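Trainee: fold the following for me, if possible:
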Amino acid sequence: MNIDPILALESLGYTEREAAFLYLVAIHSGYFLRRQFDYFTDRNKGALVMRFLEKARVAGHIEFLDYKQGWHVYHLFSRVIYRLLGDAESQHRRRKGDAQVRARLMALDYVLENHGDHYLESEAEKTHFFTETRDIAPEVFTSSDGKLFPLLASFPISIPDRTRPAHSLVRFAFIDEGLATTAKFLRFLSLSGPLLRAVGNFELVYVSASAVNFSAAKDAFWGRFSSAAPRSPRLFDDNVRAVAVENHATLQPRFTTLLLGYSYPKLQRSEARGSMEGSHVTE
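Mentor: The predicted structure follows:
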């Protein structure tokens, strides 16, 4: 029998909304900011978030990472939480360097702002979706050990139309955590290209807190996916193009840039330092 993850987290003393937020953090990020809890609960900063953070800290479920200059990042690291969700050894439990922490915070913002999609929440779900639902050979998106390519595993993948998973557009997000160049994006395109072509009807969303790489990323994308005449945009403000592929299916690549209007901790050290004892809830 499947256990409702929200009810499982409520059994630890959390309210329904607190449990739902922790679930999103555990699945998509492992890290969060206080404003993200406020956004999810539709509340301004106040006693609600203070009680939540203190409850989670006392329970030993989160640690506070002090980034100075008023920044605190909260890391959901407790094995108890992840075990309840069926993944006691989740990589989200592990302490990450600054760049990865920032990328995960941005991924959580992306999910919070695009909550209407159905997200493929685990490596197993992604693998099952591509192999069973979309009939794509696993070697297209997995390494020799059968594991999903890390760059595919670490970024959000979603389906806007959950009622038609075999035919729905598939949305891939690439998170630019503050990259100086598009080199990482080019690696992502090279690695994910065969999967994107096999999916056919897909959208790639380039997510960043700065527009500095948008133009180069767009050129790189369309350089790999030759265009026919542009069609009407489906999401945000970018191009939609369709071309024929060898198997006579229709390749419908979409490329979108999404500028997140939020501030994030600066990239300043290789590992953020945190404390589980004696932390206080301030920002």
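Trainee: hey, C-alpha coordinates of the helix or strand in which Gln252 is found in CSV?
Mentor: For Gln252, the host element (DSSP states H and E) is strand 250-259. In CSV, the C-alpha atoms belonging to strand 250-259 read as follows (Å, rounded to 0.1, in the frame of the first residue of the first chain):
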residue,chain,number,x,y,z
THR,A,250,7.7,15.7,-35.8
LEU,A,251,10.4,17.3,-33.8
GLN,A,252,9.0,20.3,-32.0
PRO,A,253,11.7,22.0,-30.0
ARG,A,254,10.9,25.0,-27.9
PHE,A,255,13.4,27.2,-26.2
THR,A,256,12.5,29.6,-23.3
THR,A,257,14.5,31.9,-21.1
LEU,A,258,13.2,32.5,-17.6
LEU,A,259,14.7,35.3,-15.6
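Trainee: buried sites along that strand?
Mentor: Within strand 250-259, the residues scored as buried using 16 or more other C-beta atoms under 10 Å are Leu251, Gln252, Pro253, Arg254, Phe255, Thr256, Thr257, Leu258. All C-beta atoms are positioned from the backbone trio N, CA, C, and that covers glycine.
Trainee: mind checking pLDDT for the residue nearest to the fifth one when sequence neighbours are not counted?
Mentor: In space, Phe255 comes closest to Phe221 once its chain neighbours are excluded; the distance is 4.6 Å by C-beta to C-beta, 6 or more residues apart in numbering. According to the prediction, Phe221 has pLDDT 96.
Trainee: who's in contact with Phe221?
Mentor: By C-beta atoms under 8 Å, 6 or more residues apart in numbering, the residues touching Phe221 are Leu189, Leu204, Tyr206, Pro253, Phe255.
Trainee: of those residues, which is the nearest to Asp176?
Mentor: Nearest to Asp176 among those is Tyr206, at 6.6 Å by C-beta to C-beta.
Trainee: wait, that closest one sits on Arg254?
Mentor: No: between Tyr206 and Arg254 there is no contact under C-beta atoms under 8 Å: 11.4 Å.
Trainee: what residues does stretch 38-52 touch?
Mentor: With contacts defined as C-beta under 8 Å, 6+ apart, stretch 38-52 is touched by Tyr14, Arg17, Glu18, Ala20, Phe21, Leu24, Arg34, Arg35, Phe37, Leu112, Val281.
Trainee: and the residues you listed, which is closest to Leu53?
Mentor: The closest of the contacts of stretch 38-52, once distances to Leu53 are taken by C-beta to C-beta, is Val281, at 4.6 Å.
Trainee: which pLDDT does the model give that closest one?
Mentor: For Val281, the model assigns a pLDDT of 37.
Trainee: go on, Arg95?
Mentor: On the pLDDT scale, Arg95 gets 83.
Trainee: contacts only, for the closest residue to Thr127 other than its chain neighbours.
Mentor: Nearest non-adjacent residue to Thr127, counting by C-beta to C-beta, 6+ apart: Leu148, 6.2 Å away. By C-beta under 8 Å, 6+ apart, Leu148 lies in contact with Glu123, Lys126, Thr127, Phe141, Thr142.
Trainee: so which of those sit within strands?
Mentor: Of the contacts of Leu148, none are assigned to strands by DSSP state E.
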